[in-house]
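Asker: have a look at this prediction, sequence included:
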Amino acid sequence: MLVVRASASRAEAAASADPNLWILKPSEGAKGEGIFIEGDLSAIEAHLTKQHERAAEGEAVSSWVVQRYVHNPLLLEAGGRKFDMRCWVLVDAHYGVHLYRHGVLRVASASYDPSTTHDRFAHLTNHCIATEHAEYGKYEATNELFYAPFDRELSRRYPEHSARAAGTPLFGDAAGAPPSADGIVGGSVLETVVLPQIKRHVVQTMLAARERLQCDGEYYRPFQLYGYDFLVDADLRVWLCEINASPAVADELLPGLVKALIRTALDPICEPNAELIAEGKPAYDAAATAAVAKQEFFEELFAPPPPPKADP
């Protein structure tokens with residue numbers, strides 16, 4: 001463990017030099033295809049100019065997203081590896097915005113090395129890329145880390161944040177709260193430092209896009225599930241990477257998420273018919289209550305005001 005921690009610290013220290021790196025992504029791509037990192041401004045301009053020339057010749061080309069590369073990512077103790085956080089956001093028929101309480105860290109298969117920007121196994125955390133590496137599954141069975149073990153690691157590494165969060169457990173479960181370095185039983189760093197930033201990003205982006213996304217249909221009630229991908233840096237600052245319209249869901253979380261989506265997006269519009277529920281309405285309601293206790297629900301982040309009443 002001491003060797004692993006040292007490896008992570010060295011990588012984070014090497015990255016702290018704040019190199020002028022940029023990540024380029026084709027906006028119509030998926031699964032990490034076509035993504036590359038570049039530090040030469042002229043090379044970036046040449047690439048984008050080439051895309052423009054191809055489009056001018058009638059070729060179908062993707063638009064490109066150019067983002068400042070986060071130079072100091074938080075690395076996991078196990079293997080000094082980079083990760084991103086996949087969170088799921090539901091926008092309901094009334095443009096209410098909801099965040100699923102569970103999320104997952106998608107972890108790279110190779111140790112992070114800021115000097116080798118061409119190594120996609122170290123820099124890209126897409127699950128489909130990680131599976132191609134020889135050390136896939138070495139630390140986690142599917143290179144996925146869920147909230148509880150991640151929060152425990154945060155408490156060990158950021159005892160000052162954990163101490164300040166004393167009394168605020170992850171998911172409302174105070175049992176087994178880890179002690180901080182000075183012996184004080186702390187609270188959840190994920191719940192008090194990381195997730196509030198994620199919630200703020202979600203609400204701000206959805207409000208910014210509301211004019212283009214919101215649909216008011218007389219005969220339909222649309223909803224949409226989005227996959228938000230975030231990076232966390234060594235200072236616990238959360239950065240929004242991208243928003244996906246057709247997100248994959250971790251197998252472990254999929255059953256609970258689907259049921260929560262039905263309860264949140266569909267049940268208010270089409271109330272469950274007691275005669276059609278196989279287990280019966282009381283059992284259906286009891287299952288919903290139990291799901292909330294397990295945090296298998298969408299937390300409402302934004303509720304639009306009700307429409308004004310029509311004049312009589």
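Answerer: Nice, I can see it. Residues are numbered from 1 along each chain as shown.

Asker: list the buried ones in stretch 102-117?
Answerer: By neighbour count with 16 or more other CB atoms under 10 Å, stretch 102-117 contains the buried residues 102-114, 117. (Glycine included, C-beta is placed from N, CA and C.)

Asker: could you do stretch 255-269 as well?
Answerer: 256-257, 259-261, 263-265.

Asker: could you pull up phi and psi at L261?
Answerer: With angles defined as degrees, to the nearest 10, L261 sits at phi -60, psi -40.

Asker: pretty sure K25 belongs to a helix, no?
Answerer: No - looking at K25 with DSSP: H, G, I helix; E, B strand; the rest coil, it is strand, so not inside a helix.

Asker: how much space between it and N126?
Answerer: Here the criterion is CB to CB, to the nearest Å. By it, K25 lies 11 Å from N126.

Asker: for F171, helix, strand, or coil?
Answerer: Under three-state DSSP, F171 falls in the helix class.

Asker: hmm, it is touching Q295, no?
Answerer: Yes - between F171 and Q295 there is a contact at 4.7 Å, judged by CB atoms under 8 Å.

Asker: give me the below-cutoff pLDDT ranges for this structure.
Answerer: For the chain, the stretches with pLDDT under 70 are 1-18, 173-185, 217, 307-308, 310-312.

Asker: show me where it has helices.
Answerer: For the chain, applying DSSP state H gives helices covering 2-15, 41-56, 120-123, 127-130, 147-157, 159-164, 189, 195-208, 210-213, 254-261, 281-293.

Asker: quickly compare these and say which is most buried.
Answerer: helix 189 (a mean of 29; mean count of other CB atoms under 10 Å).

Asker: doesn't G103 make contact with V89?
Answerer: No - counting by CB under 8 Å, V89 stays clear of G103, with 10.4 Å between them.

Asker: quick one: contacts for K31?
Answerer: K31 is in contact with 126, 128-129, counting by CB atoms under 8 Å, 6 or more residues apart in numbering.

Asker: the residue nearest in space to the middle of the chain: what's it in contact with?
Answerer: Closest to where the C-alpha atoms of the chain average out (CA atoms, centre = their mean) is R86, at 2.6 Å. By CB under 8 Å, 6+ apart, R86 lies in contact with 103-106, 227-229, 247-248, 250.

Asker: same deal with E135?
Answerer: So E135 contacts 79, 109-110 (CB under 8 Å, 6+ apart).

Asker: quick check, nearest of those to R221?
Answerer: Distance to R221, by CB to CB, is smallest for S109 among the contacts of E135, at 41.8 Å.
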